[in-house]
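J.: Sequence first, then the predicted structure:
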Amino acid sequence: MSDCFINGIASISAQPTTDPDTFLEDIISHKEAIFRSHDPNYKEYIKPAAMRRMSKSVKMGVTTASMALNNSGVEMPDAIITGTGMGCKQDSEKFLENILNNDEQFLTPTLFIQSTHNTVGGQVALGLGCKAYNVTYVQGAASFETSVMDAQLMLSEESEINILVGGIDEIAKNSTLLHKLDGQIKEDDIDVIKLLDSDTPGTVASEGATFMVLGAETDKSLAKVINVETISEGTPLEIKASIEKFILNQGLSVEDIDAVVLGNNGDVGYDNYYNNLQSSIFSDKEQLCYKHLIGDFHVASSFGFWIGCKIFETNQVPAILKVNDISAKKYNNILLYNQYLGKNHSIALLQRC
Amino acid sequence: MNKGIAITGMGIISSIGNTVEENFDALKSVSHGISRIEMLKTRHSEEIMVGEIKKTNNDLEKVLGLKPLHTFSRTAMIGTIAAKEALQNAQISDVNEYRTGFVSGTSVGGMDTTEKYYLEYAEREENRRFIQAQHAGFTTLSISNYLGINGYVSTISTACSSAANAIMLGARMIQAGKIDRMVVGGTDALSKFTINGFGTLMILSDAECTPFDDNRKGLNLGEAAAYLVLESDAIVKKENKKVLGRVAGWANANDAYHQTASSSDGEGAYLAMRKALKVADMTAKNIDYVNAHGTATPNNDLSEGVAMTRIFGEENTPVFSSTKAFTGHTLAAAGSVEAVYSLLSLRENLIFPNLNFKTKMKEFSLVPQTELVAKEVNTILSNSFGFGGNCSTLIFTK
């Protein structure tokens, strides 16, 4: 087992989450089924000339990557691994629409160049002049976790390295609206804070980015990543068994878990994956949820890693995250679980260091 | 030398054949698969040459026995055909007998269905099941579900180096003991999106492509899928399995020069080749043959050629060729297509030629192998480079 520590982390989401000194103290109340991220002042991180050409994903990615590196004290990472469910959807959508609406004429290369899934990974490398290992994972809701797994594997091969790992997804006007047509997003606008009690199909969509610096333990270490596992498909019962097995494989028992961070997204069709755990193996655990704050998108689960680090740092849990009445006595082991439409399940265990 | 990870199965579908043996027959008889485009409607059909699989989507559905209202894009269908052959070739009937994972590279995912239905989604309900099918990860899950693999499944999208990175990840995970068996490779179907995208970059040739030729005009796009089965030595020993070859070296580096163009000194490619040799615990002298990325764009072939001279020395560069003039540039699948060809080279002791080469490039004295030739081949270095500066190198051994 490798030693993999989170030595820096930063997240842009639909809530104000970029100030390292606060932990969800001011909450923005979103009232629509599709809502944008709460943006920091990108000018502080990106030169204006470069910014003009950047799509939202690139801005969010480059900025959180820079924040996470600052946070960790690492200047040049030894690898850059990104995860994204849809890639640079805005540019990809515009290029596609230009093709279809103009019968494949009058096209320019810029949108195509910026449409690939690995655009953010490439742009971060270019900005840093980083010639090291660079890979992009695109596995729906498990995109971020498969990236973390690669980093963890890399740290087991070579321990004295620092790896920049990030997840990015953006809203694209029309493609995101299509997710209303196929039922992924709720038909009507909703008071998002009440998302988890909505009792209707679909969820709410947003966007964001989280970057972390992973490496050996330092005096900046925020948490230890004990392990991460993904399961492409399974029934609620199978997933429950997988989680129990996952915990045992780490040499722990369910009793050792202090709090669980779950990806409930208010979709009446699929929240049973979580409910099944909340009423059984997790019934006596402090249960935390976050998608009623930041919405759902393919790398939303990266926010669970941010929450875990914040809890270890502050020893506090904002009430807005809590979905049951149990409060843990201590926060040493925090388990994360997420899925989307019954697919791309991920389990991660963070430990205080 | 690094013993490497055993390859026990391979499968492929490309413009030169629907199976491994059909591809081998075409390579051996030097019969390429570059033609005008027929299966996909595009206004550029008379301007470009492509490596197209001459099967309609209906043909592919029948091959796989898909039911009506399925959600397979063309990318998913050709991927499934190749992955299925790889499992059969490895004589695996129960995929879940060991911890088995699946890693697939793709650049466009289900874009071919999206561009067909995108404008009518709002009005017509019938094709909305394909909305999700656009996503690269969905394509991969379509294939893994068909195969019955439901544990570790992931998609790598690093443009044209995707499949090479998938093979690398599989080898690393098995080496670390994280998993016992991995099906790895990539798939990309032709789409208007890529045809027009590469078109705007002015790097599509209107004739058959000519890798490493001084007068090269650009690339031919192609579509293909290819997968390898990698297995741990414990399985190989226990099941007494036939080993087709080994992945002995791998590396990934970033050129960090430009979002789409390669640097003139080939730094990313150089770093990838150098590190792969290190992982394989080899020197440049150990390489018998280089299967080059060789897309036939002015930029790639110059950058890659320079990188090769830096690794091997201009006078000592081993025999090399690009097989892109057979298949076209199959984008995310290129790394695994060329892995299959490398395994065939190892099996048959044959070097497959670099077609259409006439004139040596001005910048260096490198001349690719232009005829089919018999040669004892024990070690092959294979390159794959992509947008985003992504450069990957794999080393295959007997």
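T.: Thanks, I have the structure now. Just so it is clear, the model here is predicted, and its values are computed rather than measured.

J.: Please determine how far B:Asn316 is located from chain A.
T.: Distance, B:Asn316 to chain A, by Cβ to the nearest Cβ, to the nearest Å: 25 Å. C-beta coordinates here come from the backbone N, C-alpha and C atoms, glycine included.

J.: Find the nearest non-adjacent residue to the residue of the stretch 201-350 of chain A found nearest chain B, please.
T.: Of all residues in the stretch 201-350 of chain A, A:Ser232 sits closest to chain B, at 3.8 Å by Cβ to the nearest Cβ. Once flanking residues are discounted, A:Ser232 sits nearest to B:Val153: 3.8 Å by Cβ to Cβ, 6 or more residues apart in numbering or on different chains.

J.: correct me, but that neighbour touches B:Ser144?
T.: Yes. The pair formed by B:Val153 and B:Ser144 meets the contact definition of Cβ atoms under 8 Å, at 4.6 Å.

J.: Overlap in contacts, those two.
T.: The overlap between the contact sets of B:Val153 and B:Ser144 (Cβ atoms under 8 Å, 6 or more residues apart in numbering or on different chains) consists of A:Ser232, B:Phe102.

J.: re the thing from before, for the residue of the stretch 201-350 of chain A closest to chain B, identify the helix or strand it belongs to.
T.: strand A:223-233 (DSSP states H and E).

J.: ok, which stretches of the stretch 1-150 of chain B are helices?
T.: Counting by DSSP state H, counting those that start in this stretch, the stretch 1-150 of chain B has these helices, from start to end: B:20-28, B:57-64, B:74-89, B:111-117, B:136-147.

J.: show me what contacts the most centrally placed residue in chain B?
T.: Residue closest to the average C-alpha location in chain B (Cα atoms, centre = their mean): B:Ala334, at 2.1 Å. By Cβ under 8 Å, 6+ apart, the contact set of B:Ala334 is B:Cys160, B:Ala163, B:Ala164, B:Gly186, B:Ala224, B:His293, B:Lys324, B:Ser384.

J.: now A:Ser72
T.: A:Ser72 makes contact with A:Asn7, A:Gly8, A:Asn162, A:Val213, A:Gly215, A:Thr218, A:Lys220, according to Cβ under 8 Å, 6+ apart.

J.: ok, it to A:Lys220 distance?
T.: 6 Å (Cβ to Cβ, to the nearest Å).

J.: Need the residues touching each of the two.
T.: Taking Cβ under 8 Å, 6+ apart as the contact rule, A:Ser72 and A:Lys220 both touch A:Asn7, A:Gly8.

J.: Pretty sure the residue of the stretch 201-350 of chain A closest to chain B sits against B:Gly148.
T.: No. Checked against Cβ under 8 Å, the pair A:Ser232 and B:Gly148 is beyond contact range at 11.0 Å.

J.: The two: which is more packed in?
T.: A:Ser232 (23 against 11; other Cβ atoms under 10 Å in any protein chain shown).

J.: ok so, going back, tilt between the host helix or strand of the residue nearest to the centre of chain B and helix B:20-28?
T.: Assigning secondary structure by DSSP H and E places B:Ala334 in helix B:334-348. Calculated by axes from the mean of the first three to the mean of the last three Cα atoms, to 10 degrees, helix B:334-348 forms an angle of 80 degrees with helix B:20-28.

J.: any idea which helix or strand comes after helix B:334-348?
T.: strand B:350-351.

J.: Tell me which residue lies nearest the centroid of chain A.
T.: A:Ser302 (2.2 Å).

J.: Ramachandran coordinates for that residue?
T.: Main-chain dihedrals, A:Ser302, degrees, to the nearest 10: phi -60, psi -20.

J.: quick one: it and A:Thr64, what's the gap?
T.: A:Ser302 sits 10 Å away from A:Thr64, going by Cβ to Cβ.

J.: what bridges to B:Gly386?
T.: B:Asn390 (DSSP bridges).

J.: was I right about it contacting B:Cys160?
T.: Yes. Contact criterion Cβ under 8 Å: B:Gly386 and B:Cys160 qualify, at 3.8 Å.

J.: okay, now the domains of the chain?
T.: Looking at chain A here, since you left the chain open. Per automatic domain parsing, the domain ranges recorded for chain A read A:5-215, A:223-351.

J.: oops, chain B please
T.: Split by automatic domain parsing, chain B gives B:5-238, B:246-397.

J.: Mean pLDDT added to these, as JSON lines?
T.: Formatted as JSON lines, the domains of chain B follow (pLDDT from 0 to 100):
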{"stretch": "domain B:5-238", "mean pLDDT": "97"}
{"stretch": "domain B:246-397", "mean pLDDT": "97"}
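
J.: Flag every residue of the stretch 201-350 of chain B that's near chain A.
T.: Selection of the stretch 201-350 of chain B residues close to chain A by Cβ under 8 Å from any Cβ of the partner chain yields B:201, B:251-260, B:267-268, B:271.

J.: Quick check: the two most widely separated of the residues you listed?
T.: B:Leu201 and B:Ala251 (26.6 Å; Cβ to Cβ).

J.: between the two, who's got more neighbours?
T.: Using other Cβ under 10 Å, the more surrounded residue of B:Leu201 and B:Ala251 is B:Ala251, with 22 against 18.

J.: now the helices of the stretch 1-150 of chain B in JSON lines, with distance to B:Lys3 and mean neighbour count?
T.: Below are the helices of the stretch 1-150 of chain B laid out as JSON lines (distance: least, Cβ to Cβ, whole Å; neighbours: other Cβ atoms under 10 Å in any protein chain shown):
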{"stretch": "helix B:20-28", "distance to B:Lys3": "24", "mean neighbour count": "18"}
{"stretch": "helix B:57-64", "distance to B:Lys3": "36", "mean neighbour count": "15"}
{"stretch": "helix B:74-89", "distance to B:Lys3": "22", "mean neighbour count": "26"}
{"stretch": "helix B:111-117", "distance to B:Lys3": "39", "mean neighbour count": "23"}
{"stretch": "helix B:136-147", "distance to B:Lys3": "28", "mean neighbour count": "26"}
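
J.: count of neighbours near residue 275?
T.: Just going to use chain A. For A:Asn275, using other Cβ under 10 Å, the count is 13.

J.: my bad, the chain I had in mind was chain B
T.: The burial count for B:Lys275: 19, using other Cβ under 10 Å.

J.: helix, strand or coil for residue 273?
T.: Looking at chain A here, since you left the chain open. helix (DSSP: H, G, I helix; E, B strand; the rest coil).
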